[in-house]
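Novice: Fold the following and give me the result.
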Amino acid sequence: MNSRQIMKCIFKSQRVSMLAMIVCLQSFLGFAQQSSTDSIVVDLNKAIEIALNESPTVRIANRDIQTKKYTKAEQITALVPNAALSASYNRTLKKQVMTMDFMGKAMEIEVGTDNNYNAGLVFSMPIINSALWNSIQLSQLSIEAAFESARASKLSLVAEVKKAYYGMLLAKEMYNVLLKNYDNVALTYETVLNKYKVGMASEFEKLRAEVQLKNQKPQLLSAKSNMELATMMLKVMIGLEVNEAVKFTGELSDYENAIAVDKLLAADSIDLSNNSQLLQIALSEKQLKKSKDIIISSACPSLNLSGNYQYMTMNNDFKFADYKWHPYSMIGLTLTVPIISWAGTAYKIKTSNLAIENIKDQRLALERNLKISLNNAGINIANAMEQLASNKETMLQAETTYNISLKQYEIGMGTWLDLQSAEMALVSAKLAYNQSIYSYLTAYAELDKIIGKEYK
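Specialist: Have a look, this model is predicted:
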């Protein structure tokens, strides 16, 4: 192999190495770019699922349910026999003396031994104890109340997440509208500038278009800040980190078709049987009534079964091998009949009756307030539906007007003021259109919360 062939081999190997390095570098850059742009895609349903899984309020409510279950289980164990091993030792310091009359003379006899041992099994269980049964039933009501409280927390969380998500979409739409308007104003400025260069527009007209373009910048920056703030607030609400890469999907216009076919029900025809507040106050009333039953049953007779099985031995020495153990067992019933306690029980019952009457009035006031809330939600939904139809038509007309004004200005048949007025009308119409959709969605989210519609 001559020197030329050697150089060719070297150059060939270098080209292969360089090509491999370029391919590796491109792969690395592509992976890095993909990693930097990858983000979690989250829609409204996914956001609600994340919030329900990550919310501390929901987790606390679930733990409260478990605590109530443990309390009930603890009370149930009082119904089963309670058995215990017992042992005792007594050392007699001074024996008891018994005096007996024996043939006219007093005879004194010491009774007992120095060491006394006792060991065995002791058990007891209630047979009739209405207070205990009522306490167990009260614990069951506490579990139901904890479940309903947890459901209320979920309903409130879902409603707030929906409102935050719709608010984020509204902020994004406002930014897009202002960004589109900024592009239109920039295009108008370019048109005026080109006309000024060829002598078809005055310097005053050019300066006015330039000022208008600069005035759009602060509004655009403010809208962008509001969009970013709404996005961060939504992340925090559903339990994500503020800096986590998340892409929220959807647009307010996606919900327009659902609004168009929606039929609003009258407030009187809406069922409030699943309203969480009404269910909670109903459970509270049941708890008060059951507490009253406990007060009454605590003053009623109770019957308990008890018994023991023991071994006993009594000796004066410590010769354990010589001890004789004697079995002893017994079983019995204990009947307890309260007498004086009824005097205080009567006042406790009166206090309980007043509490029950109070909660009935609270339920009545709550029902009235809920009817007001239903009417308010219905009015807001109806207004939003009417505004949506009107604003959409206005927006389409504003778009047509703007396009006509732009063409007229480009060919010299329209004035700059006509074009500026058309731009402002278009921006206002688009913002009003998106606002009406947002108002409808938030009002409906509040309505779902009132009627207790659960997320599925």
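Novice: Give me the distance from whichever helix or strand Tyr175 is part of to the chain's centre.
Specialist: Tyr175 belongs to helix 130-197 when assigned by DSSP states H and E. Distance, stretch centre to chain centre, for helix 130-197: 14 Å (C-alpha atoms, centre = their mean, to the nearest Å).
Novice: and the angle for the helix or strand that that helix is followed by with helix 130-197?
Specialist: Beyond helix 130-197 in the direction of the C-terminus, DSSP H and E gives the next helix or strand as helix 203-238. Angle, helix 203-238 to helix 130-197, by axes from the mean of the first three to the mean of the last three C-alpha atoms, to 10 degrees: 160 degrees.
Novice: just how off-centre is helix 203-238 within its chain?
Specialist: Per C-alpha atoms, centre = their mean, the centroid offset for helix 203-238 relative to its chain is 34 Å.
Novice: Show me what that helix packs onto, helices and strands only.
Specialist: On a contact count with 3 or more C-beta pairs under 8 Å, 6 or more residues apart in numbering; DSSP states H and E, helix 203-238 meets helix 44-54, helix 130-197, strand 246-248, helix 416-451. C-beta coordinates here come from the backbone N, C-alpha and C atoms, glycine included.
Novice: any idea which of those is most buried?
Specialist: helix 416-451 (a mean of 20; mean count of other C-beta atoms under 10 Å).
Novice: Can you list the helices and strands that it packs against?
Specialist: Partner elements for helix 416-451 (3+ C-beta pairs under 8 Å, 6+ apart): helix 130-197, helix 203-238, helix 256-261, helix 341-410.
Novice: rank the ones you listed by pLDDT, which is bottom?
Specialist: Lowest mean pLDDT within these: helix 256-261, at a mean of 70.
Novice: ok, Asn383 touching Ser439?
Specialist: Yes - applying C-beta atoms under 8 Å, one finds Asn383 in contact with Ser439, separated by 7.5 Å.
Novice: on that earlier part again, for the helices and strands packed on helix 416-451, give me TSV that also has distance to Gln75.
Specialist: Output for these, formatted as TSV (distance: least, C-beta to C-beta, whole Å):
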stretch	distance to Gln75
helix 130-197	5
helix 203-238	38
helix 256-261	49
helix 341-410	20
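Novice: now for these, which one comes closest to Leu278?
Specialist: Nearest to Leu278 among the helices and strands packed on helix 416-451 is helix 341-410 (6.5 Å), distances taken as C-beta to C-beta.
Novice: which strands and helices sit next to that closest one?
Specialist: Using 3+ C-beta pairs under 8 Å, 6+ apart, helix 341-410 is in contact with helix 130-197, helix 256-261, helix 276-298, helix 416-451.
Novice: can you put the ones you listed in a markdown table and add distance to Met312?
Specialist: Supplementary listing: those in a markdown table, determined by distance: least, C-beta to C-beta, whole Å:
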| stretch | distance to Met312 |
| --- | --- |
| helix 130-197 | 33 |
| helix 256-261 | 84 |
| helix 276-298 | 37 |
| helix 416-451 | 70 |
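Novice: picking up where we left off before, closest one to Leu93 among the helices and strands packed on helix 416-451?
Specialist: helix 341-410 (40.7 Å).
Novice: In the stretch 1-150 of the chain, where is pLDDT below threshold?
Specialist: 1-38 (pLDDT under 70).
Novice: show me where it has helices.
Specialist: 3-37, 44-54, 56-76, 130-197 (DSSP state H, counting those that start in this stretch).
Novice: With distance to Lys105 added, can I get those helices in CSV?
Specialist: Converted to CSV, the helices of the stretch 1-150 of the chain look like this (distance: least, C-beta to C-beta, whole Å):
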stretch, distance to Lys105
helix 3-37, 112
helix 44-54, 93
helix 56-76, 63
helix 130-197, 58
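Novice: Nearest to Lys95 among those would be which one?
Specialist: Nearest to Lys95, of the helices of the stretch 1-150 of the chain and by C-beta to C-beta, is helix 130-197 at 43.9 Å.
Novice: per-domain residue ranges of this structure.
Specialist: Using automatic domain parsing, the domains assigned to the chain come out as 44-79+130-300+340-451, 81-128+303-337.
Novice: Can you give the distance of the first one from its chain's centre?
Specialist: Mean C-alpha position of domain 44-79+130-300+340-451 versus that of the full chain (C-alpha atoms, centre = their mean) differs by 14 Å.
Novice: Now Ile127. Nearest residue, chain neighbours left out?
Specialist: Excluding the flanking residues, the one nearest Ile127 by C-beta to C-beta, 6 or more residues apart in numbering is Leu303, at 4.6 Å.
Novice: so what does the helix or strand hosting that neighbour touch, helix or strand wise?
Specialist: Here Leu303, judged by DSSP H and E, is contained in strand 302-315. If you count contacts as 3+ C-beta pairs under 8 Å, 6+ apart, strand 302-315 packs onto strand 115-128, strand 326-336.
Novice: what helices or strands is the longest one leaning on?
Specialist: Pointing back at strand 115-128 there. Right, strand 115-128 is packed against strand 82-91, strand 302-315 by 3+ C-beta pairs under 8 Å, 6+ apart.
Novice: of all those, which gets the most neighbours per residue?
Specialist: Each of these was scored by mean neighbour count; the highest is strand 302-315, a mean of 15, by mean count of other C-beta under 10 Å.
Novice: Who does that strand pair with, and is each partner parallel or antiparallel?
Specialist: Strand 302-315 sits in its sheet next to strand 115-128 (antiparallel), strand 326-336 (antiparallel), going by DSSP bridges.
Novice: Adding mean neighbour count and distance to Ser55, write the helices and strands packed on strand 302-315 out as CSV.
Specialist: Formatted as CSV, the helices and strands packed on strand 302-315 follow (neighbours: other C-beta atoms under 10 Å; distance: least, C-beta to C-beta, whole Å):
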stretch, mean neighbour count, distance to Ser55
strand 115-128, 15, 42
strand 326-336, 10, 49
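Novice: Between those strands, which one is closest to Asn82.
Specialist: strand 115-128 (5.3 Å).
Novice: the inter-axis angle of the closest one versus strand 82-91?
Specialist: Using the same axes, to 10 degrees: strand 115-128 against strand 82-91 is 160 degrees.
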